[in-house]
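1. take this sequence and fold it.
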Amino acid sequence: AELSYALLVGYALYSVIVLVFVERATRLAPRDGEFLHGIDILWTAVLTFVSNGVGSPFFLFFIFVVLAAAFRWGFRATMITAAVVFGLVAVQTLILAAGPWGTLFSLSGDEINRTIMRVAYLLLSAFMVGYLGEQEKLLRAETTTMAAAGRQPRVDLGLGGSVTAVARELLQTFDASAVDFVIQDF
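-> Numbers count the residues shown, from 1 in each chain. The predicted structure is shown next:
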């Protein structure tokens, strides 16, 4: 318990330091996000390892890293994160069952089923959240493009030039072969 508490305090301090760093940074490089994501996965793996593996209350922290991947990068990165988490959980379970902790952490039938169910829930959650993250990412891209299309019409281009500029944006955004405009002149 003391080791778990010490690591939890360490993780809390690390989180505050990262929060201050991110808030003060004007812009983060993509590598920074990937590095911090990896550190979050490692912290969670260590916290769950020292506090009863899959049965640990810190197992829910894995949901955080899956959600973070979905929000930051979308489906593919979420599934990669889920695969890494799955591998870490499998290794943890084997180490806990085979190591000197084997007497405390037995792999009885119920424990095996509980582990399988928790990992299955995590993977299913990763799939669903990754899908939602990908959809949100697409909607953000469409919104950004539509805002750019809304900035295309300009007085100096005239009506024809403005319609052409907006049509180009729409063709690119929706990967369309044609755009139809209906204009009513009052």
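2. any idea how far the residue nearest to residue 41 when sequence neighbours are not counted lies from residue 183?
-> The shortest distance from residue 41 to any residue other than its chain neighbours is 5.2 Å, reached at residue 65 (Cβ to Cβ, 6 or more residues apart in numbering). Yep, even glycine has a C-beta here, placed from its N, CA and C like the rest. As for residue 65, its distance to residue 183 is 50 Å (criterion: Cβ to Cβ, to the nearest Å).
3. these two: which is more packed in?
-> More crowded of residue 65 and residue 183, by other Cβ atoms under 10 Å: residue 65, with 24 against 6.
4. if you count neighbours, what's buried in whichever strand or helix holds residue 61?
-> Remark: residue 61 resides in helix 61-73, with elements defined by DSSP states H and E. Buried residues in helix 61-73, counted by 16 or more other Cβ atoms under 10 Å: 61, 62, 63, 65, 66, 67, 68, 69, 70, 72, 73.
5. and the second one, what does it touch?
-> What that stands for is residue 62. 41, 44, 48, 85, 89, 122 (Cβ atoms under 8 Å, 6 or more residues apart in numbering).
6. over to the third one?
-> Residues touching residue 63, when contacts are defined by Cβ under 8 Å, 6+ apart, comprise 122, 125.
7. just for this protein, where's the confidence low?
-> Judged against pLDDT under 70, the low-scoring parts of the chain cover residues 99-110, 152.
8. okay, which residue is most central for it?
-> Residue closest to the average C-alpha location in the chain (Cα atoms, centre = their mean): residue 69, at 1.4 Å.
9. contacting residues around it?
-> 37, 77, 78, 80, 81, 130, 133.
10. please enumerate the helices of the protein.
-> 2-24, 30-49, 61-73, 75-98, 109-150, 158-174 (DSSP state H).
11. quick one, which of those gets closest to residue 55.
-> helix 109-150 (7.0 Å; Cβ to Cβ).
12. from the chain's centroid, how far away is that closest one?
-> The chain centroid and the centroid of helix 109-150 are separated by 8 Å under Cα atoms, centre = their mean, to the nearest Å.
13. which helices and strands sit right next to it?
-> Contacts defined by 3 or more Cβ pairs under 8 Å, 6 or more residues apart in numbering; DSSP states H and E place helix 109-150 against helix 61-73, helix 75-98, helix 158-174.
14. just name the most buried of those helices.
-> Comparing the helices and strands packed on helix 109-150 by mean neighbour count (mean count of other Cβ atoms under 10 Å), helix 61-73 ranks first with a mean of 21.
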